[in-house]
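J.: test case, fold it:
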Amino acid sequence: MGEGLLVWLAALIALLATVVAGFAVGVVILLRRQLAALRVDYQRQATSVMALQGAMKALSEGVATHGQAQASVQRALERLHDQHSELRARDGDSGAYEQAIRLIQEGQGREEVRRRCGLTTTELDLLFSLHGSGTAAGSGSSGYS
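T.: Presented below is the predicted three-dimensional model:
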């Protein structure tokens with residue numbers, strides 16, 4: 001009986017080894033499939049990363065170009081502002097003079113023209129003498145007419 005038990009024990013160990021080996025082969029096959037799937041995913045992700053890098057480069061170039069364009073527009077606006085300031089300086093108070101002449105021709109008095117246009121007495125005298133009628137010109141504090 002001792003030998004029979006040894007044979008059965010050896011057979012049981014062999015069967016157990018076969019099951020473990022089969023299980024190990026199954027695990028290896030499963031791991032290989034997972035590894036293949038991971039490689040495919042890695043390739044997809046690597047391709048996506050390269051596409052994203054290209055997009056980021058294009059965006060950064062676009063931002064730089066936009067910044068340069070914005071700076072160019074800013075410089076142009078500054079030049080226009082300077083030119084406008086120069087023109088206003090050349091014209092002086094011609095806008096106020098034009099408004100004063102219009103008001104004088106409409107028959108407004110000296111104080112109204114002075115209040116609206118902010119002109120000095122001398123400027124008012126000159127404008128009233130050139131553009132005013134006899135009654136509007138004499139309706140102020142100065143005696144010019």
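
J.: low-scoring stretches of this structure, by residue?
T.: Scanning the chain for pLDDT under 70 picks out the ranges 1, 88-94, 134-145.

J.: and the longest helix for it?
T.: Secondary structure of the chain per DSSP state H: the longest helix is helix 2-91.

J.: right, and the helix or strand after it?
T.: Reading on from helix 2-91 to the C-terminus, the next helix or strand found by DSSP states H and E is helix 94-105.

J.: chain center to that next one, what's the gap?
T.: Relative to the centre of its chain, helix 94-105 is centred 44 Å away, using C-alpha atoms, centre = their mean, to the nearest Å.

J.: now do the buried residues in that helix.
T.: 97, 99, 100, 101, 103, 104 (16 or more other C-beta atoms under 10 Å). Bear in mind the C-beta positions are built from the backbone N, C-alpha and C, glycine included.

J.: excluding residues flanking it in the chain, which one is nearest the first one?
T.: Take residue 97 and drop its neighbours on the chain: the residue closest to it by C-beta to C-beta, 6 or more residues apart in numbering is residue 127, 6.9 Å away.

J.: which residues are in contact with the one you found?
T.: Taking C-beta atoms under 8 Å, 6 or more residues apart in numbering, we find residue 127 in contact with 97, 100, 101, 104, 113, 119.
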